[in-house]
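>>> structure of the sequence below:
(chains A and B)
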2 protein chains.
Amino acid sequence: MTEPSTHPVSLTVHVPLDAGRDYDILIGRGLIETAGARVAALGGRRAAIVTDANVAALYGDRLRTSLERAGLGSGIVTVAPGEGSKSYAGYAQVCDGLLALKVERGDLVVALGGGVVGDLAGFAAATLRRGVRFVQVPTSLLAQVDSSVGGKTGINAPLGKNLIGAFHQPRLVLADTATLDTLSEREMRAGYAEVAKYGLIADAGFFDWCEANWRGIFSGGPEREEAVAACCRAKAAVVTRDEREDGERALLNLGHTFGHALERITGYDSARLVHGEGVAIGTALAFRFSARLGLCPGQDAGRVANHLALAGLPTRLQAVPGGCGDADALVEAMAQDKKVRDGALTFILVRGIGQSFIAPGIDRSEVRAFLQDEFAADLRP
Amino acid sequence: MTEPSTHPVSLTVHVPLDAGRDYDILIGRGLIETAGARVAALGGRRAAIVTDANVAALYGDRLRTSLERAGLGSGIVTVAPGEGSKSYAGYAQVCDGLLALKVERGDLVVALGGGVVGDLAGFAAATLRRGVRFVQVPTSLLAQVDSSVGGKTGINAPLGKNLIGAFHQPRLVLADTATLDTLSEREMRAGYAEVAKYGLIADAGFFDWCEANWRGIFSGGPEREEAVAACCRAKAAVVTRDEREDGERALLNLGHTFGHALERITGYDSARLVHGEGVAIGTALAFRFSARLGLCPGQDAGRVANHLALAGLPTRLQAVPGGCGDADALVEAMAQDKKVRDGALTFILVRGIGQSFIAPGIDRSEVRAFLQDEFAADLRP
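Numbering: from 1, shown residues only, chains lettered A, B, ... in the order given. This is a model prediction of the structure:
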């Protein structure tokens, strides 16, 4: 009997934060089944799971069994699936649920799910009894490559996305890549927008690799673990140098100022737009805006939009079902973003693929004119 | 014309935390009127005030005018007075109010009020846009000597007090002692329970001083500033050595395990019991419990109860209007306290006045028996 040549592969990315806050990201198939021993190694008497109803049905029992076999009594707090749970009400539900499970200061919270669950459970862990430790078990591509790493946790406010939150690093991340087999095509594509982003920010070689290998990520070849690890390594490096986003960490927001505004305007309605789709459109816009400002070659903007479109992602404002308002509404939505300082808009712009930079003080009228032209663009072939 | 011999006196206590997080506590009359320049010196474009309706009527305009004269545009978020605002709903109200005022990352939140406002506004500041700076302007004796210093912020959960929160240090504390002139006698007494506590924890000399000088604190003599400064110095020293309560900071909870349970059982109804009254009863109980365990001389327990009673504070379970359940209910309420580890109760006990220590692993049945006897005590003279 021979081992499969490429699977199971398990990769580890270390996040070397100071003061005993460093942690490992494990990436591979089947990590949920073996989670118990790894979580138990962190210490603690109890590990309470936070998840959503969809993920609970698929992996809740499996994780709970693994934790209990490792001697960690573990209840489950289950929220409704979707961005709507990342709210004040969802936050209160998770906190009260964890308190009802008698989670104490030395215990652990395990976030099992996509970005919504990770952000919500992480924020609850950050503030429950003024802070308990937590473990991320991300089950979406987006969460595995982006939101589960780096310690940003939080919820949405009526006035905007992620406006309430805390920096709270996980003690361990278990990215079980087998969970991606059950993701919808749409969710995979949405996560892939963040994968491509890492190449576009600062690693043109990785974007080349993505163009050549993206299908393997979707189909579950070894490219999947390679891509997740590459993204985590890139994010870990940035987070280690700038944990609290005083500087370069903002580069990770490439495509997000436009993207968040689109999400806001569509009311965080995932039937119309999910985060990764907003990021895909936002990234294409950031490249075209950069090209319009004379910063970036137009052919780079075209290459980026073509690749995202090939992977099935939207790249135009016109692609948003039900529309997304007009240029004024989008600029106003952007002004509510966290990345506002002294009233001026800050964008992540590019000088080309892999050459992003922080551009503070962008004039609103410049953005408005660009968006007006985008809305007016004739998309007939 | 001659200056008053003792007033205005202005004292400064420095809290020497690391990493640029050190800050000053200023103590004196009239600090609200001069707050603007001091807050402006911290930098920022905007300083939004969080307060309650009672305090807003007394000092809201005065503080706002001072901030605006210093060039800090400043709106006000006003919550309902009382512990009920330290809730999920109050938290959402303050966060949304600050966002509506367009508070940005570099701006400041100014908490104007007692302990409820300070804890609530501090927690909102800790988590708004993942953390903005804040200034405490405590207007109750309790807040000036205890809750405004040390960075503990938070709200109550239905399952218990202060179960949700964050460590977030203020950048400045302005304790305007003139605001205490408008406090009710009951609020002064409640704050005084925390003043006496500092002597009982680790400074027998300060408790002696309190016995001799407490009336000056109430009447607004120079003893008031001296007492506030002494308490802040004591707290600052503890917080600097143990910011996150891994050890000795827990000593500040003398009287609080019993006190929190009483507050919980009385539904946080300030008509029946305010925090300081719970602490007074809890402190007297901690001394009597210590004496019963043979740890502390009975005469010290008597001396403490006598002094608290002389200052008009309750020292007996029977003093709670409407009653406070029975021993079983109190023990159950204590088990919900944050100071639970692995199911055992942790108390702050004493070997005498000024000699407190952390006593983990206290058996519930021992506590229950003590409380049963307290309830059964014949209080006839």
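>>> which residues in chain A form helices?
A:35-40, A:53-55, A:61-69, A:88-100, A:115-127, A:141-142, A:185-202, A:204-219, A:222-241, A:256-265, A:275-292, A:298-310, A:327-335, A:364-376 (DSSP state H).
>>> the ones you listed: which one's closest to A:Ile348?
helix A:275-292 (6.3 Å; C-beta to C-beta). Every residue, glycine included, has its C-beta placed from N, CA and C.
>>> so which elements touch the closest one?
For helix A:275-292, the packing partners by 3 or more C-beta pairs under 8 Å, 6 or more residues apart in numbering or on different chains; DSSP states H and E come out as helix A:185-202, helix A:256-265, helix A:298-310, strand A:344-350, helix A:364-376.
>>> how many neighbours does A:Gly247 have?
Burial measure for A:Gly247: 11 neighbouring residues, criterion other C-beta atoms under 10 Å in any protein chain shown.
>>> what sits against it?
A:Ile358 (C-beta atoms under 8 Å, 6 or more residues apart in numbering or on different chains).
>>> ok, it to A:Arg292 distance?
Relative to A:Arg292, A:Gly247 is positioned 26 Å away (C-beta to C-beta, to the nearest Å).
>>> ok, now A:Ala230?
Remark: distance between A:Ala230 and A:Arg292 (C-beta to C-beta) = 30 Å.
>>> and chain A, what are its domains?
A:10-182, A:188-376 (automatic domain parsing).
>>> do the first one and chain B meet?
Yes: Domain A:10-182 reaches chain B (C-beta under 8 Å from any C-beta of the partner chain) through A:45, A:88, A:91-92, A:95-96, A:99-100, A:104-106, A:123, A:126-131, A:152, A:154, A:157-160, A:163-167.
>>> now those: which count as buried?
Those of the residues of domain A:10-182 next to chain B that meet the buried threshold are A:45, A:88, A:91-92, A:95-96, A:99, A:104-105, A:123, A:126-131, A:152, A:154, A:157, A:160, A:163-167, by 16 or more other C-beta atoms under 10 Å in any protein chain shown.
>>> who's more crowded, A:Ala230 and A:Arg292?
Legend: neighbour count by other C-beta under 10 Å for A:Ala230 and A:Arg292, higher for A:Ala230 (21 against 16).
>>> read off the pLDDT value for A:Lys338.
Confidence at A:Lys338, expressed as pLDDT, is 53.
>>> which helix or strand in chain A has the lowest average pLDDT?
strand A:340-341 (a mean of 58; mean pLDDT, DSSP states H and E).
>>> partner residues bridging A:Gly73?
For A:Gly73, the beta-bridge partners are A:Arg46 (DSSP bridges).
>>> ok, now which ones touch it?
Per C-beta under 8 Å, 6+ apart, neighbours of A:Gly73: A:Arg45, A:Arg46, A:Ala47.
>>> same check on A:Asp328?
Per C-beta under 8 Å, 6+ apart, neighbours of A:Asp328: A:Arg368.
>>> check A:Gly131 too.
A:Gly131 touches A:Ala125, A:His168, B:Ala166, B:Phe167, B:Arg244, counting by C-beta under 8 Å, 6+ apart.
>>> one more time with 6 Å
Not one residue lies near A:Gly131 by C-beta atoms under 6 Å, 6 or more residues apart in numbering or on different chains.
>>> roughly how far apart are it and A:Lys86?
In terms of C-beta to C-beta, A:Gly131 sits 20 Å off from A:Lys86.
>>> pLDDT below threshold where in chain A?
Along chain A, the model assigns pLDDT under 70 to residues A:1-9, A:336-343, A:378, A:380-381.
>>> enumerate every residue touching the closest residue to A:Gly322 other than its chain neighbours.
Nearest residue to A:Gly322, sequence neighbours excluded (C-beta to C-beta, 6 or more residues apart in numbering or on different chains): A:Arg272, at 5.5 Å. A:Arg272 makes contact with A:Thr266, A:Pro321, A:Gly322 under the criterion C-beta under 6 Å, 6+ apart.
>>> before I go, just wanted to say thanks for your time.
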